[in-house]
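> Let's see this in three dimensions:
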Amino acid sequence: MTPTLTLRAGVPGTVSVAVEELGGRLVVLARSRAGTHKGALDSLSGETLATAAQTALKYRLPLVAVLASSGADVNDGVAALHGWGMAARAMARCSGVVPILIAVTGPTVSGPALMLGMADVVVATENASAYVVGPQAVADFTGERLTAEALGGAGSLRRNSGVVASVVADEAAALDLLGAIVANFPDSCDDLPPRWPTDDPVDRLTPELGDLVPATATGSYDVRDVARGIVDDGELLDLWGGWAPNLVTAFGAIDGRPIGIVANQPIALAGTIDIPASQKGARFVELCDAFNFPILTLVDTPGFFPGKDLEWRGMIRHGAQLVGAYARASVPRVCLVLRKAYGGAYIVMDSRRMGNDICLAWPVAELAVMGAKGAVEILHRRSTPEERAAAELDYATTLLTPWVAAERGYVDDVIAPEETRLKVAAAFELLNSKREQLSARSHDNLPL
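Below you'll find the predicted structure:
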């Protein structure tokens, strides 16, 4: 075991920093001491946090923080705010270069709460809470009275805002989970994720996968069961499962190679894409692209979720986030159409024209502008019920098949469900040497 190396040990304040092992990996670990001034950050504490981020960036090590803070220390005046600003700037420079993981273990308020939004992965303990503006200020300004738990408790952060990827019992469990997560990551964007030893044969057949998908197009199933059948040893690290459950974002491995998985989830909102799902998917795709995780996209969606409320809240802008994330991604990308792939939602789920490297489909896959019923209602709205039924059957048998898409080059291969693991593994093995020449521009201006 590598001995712990403490940094800025003699500097007073509520933050300590050390370089130590976590989950078998060397990380820069910063801790705020909630028992001292409730973890309030004075100027020196902010500088110590900044030092942690600067050290992680300089030596290309993951940055991990255990955070519980009442905000800027009022006793230190405006200098405390500048200290927090210095830490935030240093953390921003780490973003996309080294992994940033945070465990929030108690009340985290104001500026420090914003740090959670800058992290790649955040886990929380059951007694944690976080908010930018507290319950009293909310009551004074809006008249609505809320408890800290209702406003920004761990459950709310997991379900409503997507800030927290998982909620665990205590700090020890939080660090265990962060250790398991960081074990999948490279130390920095300069490296590939580490390969894992596995005894799971890469050519293992998966006949059980075909039985998971119901025969009816409207039947539901848990897409995570499909993902578990594909990855090594059935081990799936499902993150942000409480937020936007209609889209699954998870880590797994194939032939020992860590990958990111994005999948429509039919058991939630029928696998449609709404604003939270677009944000969740875009964020995860960009995370995978930043740290060189190949991406497997499992498609089964009837389209975007309809509704006035979504449109008024910016479905166009937020849907474009998912478009932009996939369009920018330069890592190996494999798309597998399981069942429904309709309309614009099919396109944004890493379709061929969005830039996937290899596209596969099961024989039951339906790739089209819309389903047979919807198409017939538009094309044959003046026909008799019998004529509509015949047209619907004809549409389904002639157009709603993966072979039509394959003839046009939109699908590379139509595979049997039992071949799924070996075909996906072969695709990623082929793409292992993929390299792209990136643009010289500093960044695009697509929606955040």
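> And for the residue nearest to S330 when sequence neighbours are not counted, the neighbour number?
Excluding the flanking residues, the one nearest S330 by C-beta to C-beta, 6 or more residues apart in numbering is E436, at 4.2 Å. (Glycine included, C-beta is placed from N, CA and C.) By the measure other C-beta atoms under 10 Å, the count of residues near E436 is 9.
> Next, E436: secondary structure please.
Of the three states, E436 takes coil under DSSP: H, G, I helix; E, B strand; the rest coil.
> quick one: it from P402, how far?
Separation of E436 from P402 (C-beta to C-beta, to the nearest Å) stands at 28 Å.
> got it, and L296?
When C-beta to C-beta is applied, the distance between L296 and P402 equals 18 Å.
> residue ranges with poor pLDDT in the protein?
Regions of the chain meeting the criterion pLDDT under 70 cover residues 1, 369-383, 385-399, 439-442, 444, 448.
> mind listing what L438 touches?
Contacts for L438 were tallied using C-beta atoms under 8 Å, 6 or more residues apart in numbering; they are S330.
> if we can go back for a sec, the more surrounded of L296 and P402?
L296 (27 against 23).
> How about the secondary structure of that one?
Classification of L296 by three-state DSSP places it in strand.
> ok, what's across the strand from it?
I261, V334 (DSSP bridges).
> just checking, it touches V331?
No - with contacts defined as C-beta atoms under 8 Å, L296 does not count as touching V331, sitting 10.9 Å away.
> Find me whatever residue is spatially closest to A180, sequence neighbours aside.
Spatial nearest neighbour of A180, excluding adjacent residues (C-beta to C-beta, 6+ apart): G23 at 6.0 Å.
> Look up phi and psi at that neighbour.
Backbone torsions of G23, given as degrees, to the nearest 10, read phi 60, psi 30.
> and the gap between it and R317?
G23 sits 37 Å away from R317, taking C-beta to C-beta as the criterion.
> can you check C94 too?
Computed with C-beta to C-beta, the distance linking C94 and R317 is 27 Å.
> can you pull the contacts of T6?
When contacts are counted by C-beta under 8 Å, 6+ apart, T6 touches S16, V17, A18.
> That one belongs to a helix, doesn't it?
No - with the criterion set as three-state DSSP, the secondary structure at T6 is strand rather than a helix.
> partner residues bridging it?
Under the criterion DSSP bridges, T6 forms beta bridges with A18.
> Confirm that N432 sits in a helix.
Yes - with three-state DSSP as the criterion, N432 is located in a helix.
> Leaving out sequence neighbours, find the closest residue to it.
Using C-beta to C-beta, 6+ apart, the nearest residue to N432 is P332, at 7.2 Å.
> helix or strand right after the helix or strand containing A341?
Under DSSP states H and E, the secondary-structure element containing A341 is strand 333-342. The element immediately downstream of strand 333-342 (helix or strand, assigned by DSSP H and E) is helix 343-348.
> Was I right to think G241 contacts Q265?
No - the pair formed by G241 and Q265 falls short of the contact definition of C-beta under 8 Å, at 9.4 Å.
> Need the residues touching each of these two.
Shared contacts of G241 and Q265, counting by C-beta under 8 Å, 6+ apart, come down to V248.
> between these two, who's got more neighbours?
Set side by side, G241 and Q265 give different neighbour counts by other C-beta under 10 Å, the larger being at Q265 (24 against 16).
> Please list all residues in contact with that one.
Residues counted as contacts of Q265 (C-beta under 8 Å, 6+ apart) are D222, V223, R224, P245, N246, L247, V248, G271.
> outside of the helix or strand that contains I316, which residues touch it?
Secondary structure assigned from DSSP H and E places I316 in helix 315-328. Contacts of helix 315-328 with the rest of the structure, by C-beta under 8 Å, 6+ apart, involve 273-275, 278-279, 281-283, 285-286, 289, 304, 333, 344, 348-350, 354-355, 444, 446-448.
> and if we set it to 7 Å?
Residues from elsewhere that reach helix 315-328, judged by C-beta atoms under 7 Å, 6 or more residues apart in numbering: 275, 278-279, 281-282, 285-286, 289, 304, 348, 350, 354-355, 446-447.
> Could you measure from the residue nearest to N432 over to A180?
Using C-beta to C-beta, which is the criterion applied here, P332 is 23 Å from A180.
> cool, N160 as well?
As it turns out, when the distance is counted by C-beta to C-beta, N160 lies 25 Å from A180.
> Could you list the buried residues of the helix holding I316?
Buried residues in helix 315-328, counted by 16 or more other C-beta atoms under 10 Å: M315, H318, G319, A320, Q321, L322, V323, G324, A325, Y326, A327, R328.
> Next, the contact list for the residue nearest the centre of the chain, please.
Centrality entry for the chain: nearest residue to the mean C-alpha point is F284, 2.9 Å, by C-alpha atoms, centre = their mean. For F284, the contacting residues are T249, G260, V262, by C-beta under 7 Å, 6+ apart.
> quick one: secondary structure of Q136?
Q136, by the three-state scheme (three-state DSSP), is helix.
> start at 14 instead
Fine by me, first position is 14 from now on; the one you just mentioned is Q149.
> How are the strands of the stretch 64-213 of the chain distributed by residue range?
Under the criterion DSSP state E, counting those that start in this stretch, strands of the stretch 64-213 of the chain are mapped to 76-82, 113-122, 134-138, 142-144, 179-181.
> and G422, which of those is closest to it?
Comparison of the strands of the stretch 64-213 of the chain against G422 by C-beta to C-beta identifies strand 134-138 as nearest, at 37.1 Å.
> helices and strands around that closest one, which ones?
Secondary-structure packing of strand 134-138 (3 or more C-beta pairs under 7 Å, 6 or more residues apart in numbering; DSSP states H and E): strand 113-122, strand 179-181, helix 184-195.
> how about these in a markdown table, adding distance to T211?
Formatted as a markdown table, the helices and strands packed on strand 134-138 follow (distance: least, C-beta to C-beta, whole Å):
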| stretch | distance to T211 |
| --- | --- |
| strand 113-122 | 24 |
| strand 179-181 | 24 |
| helix 184-195 | 16 |
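> Serialize those to a markdown table and add fields for distance to A103 and mean neighbour count.
Conversion of these to a markdown table gives the following (distance: least, C-beta to C-beta, whole Å; neighbours: other C-beta atoms under 10 Å):
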| stretch | distance to A103 | mean neighbour count |
| --- | --- | --- |
| strand 113-122 | 11 | 25 |
| strand 179-181 | 26 | 21 |
| helix 184-195 | 19 | 19 |
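> returning to what we had before: can you put the strands of the stretch 64-213 of the chain in TSV and add distance to D204?
Supplementary listing: the strands of the stretch 64-213 of the chain in TSV, determined by distance: least, C-beta to C-beta, whole Å:
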stretch	distance to D204
strand 76-82	15
strand 113-122	16
strand 134-138	18
strand 142-144	31
strand 179-181	25
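> And those: which comes nearest D200?
With distances scored as C-beta to C-beta, the stretch of those nearest to D200 is strand 76-82 (10.7 Å).
> wait, A116 sits on V134?
No - at 9.6 Å, A116 and V134 do not qualify as touching, with contact defined as C-beta atoms under 7 Å.
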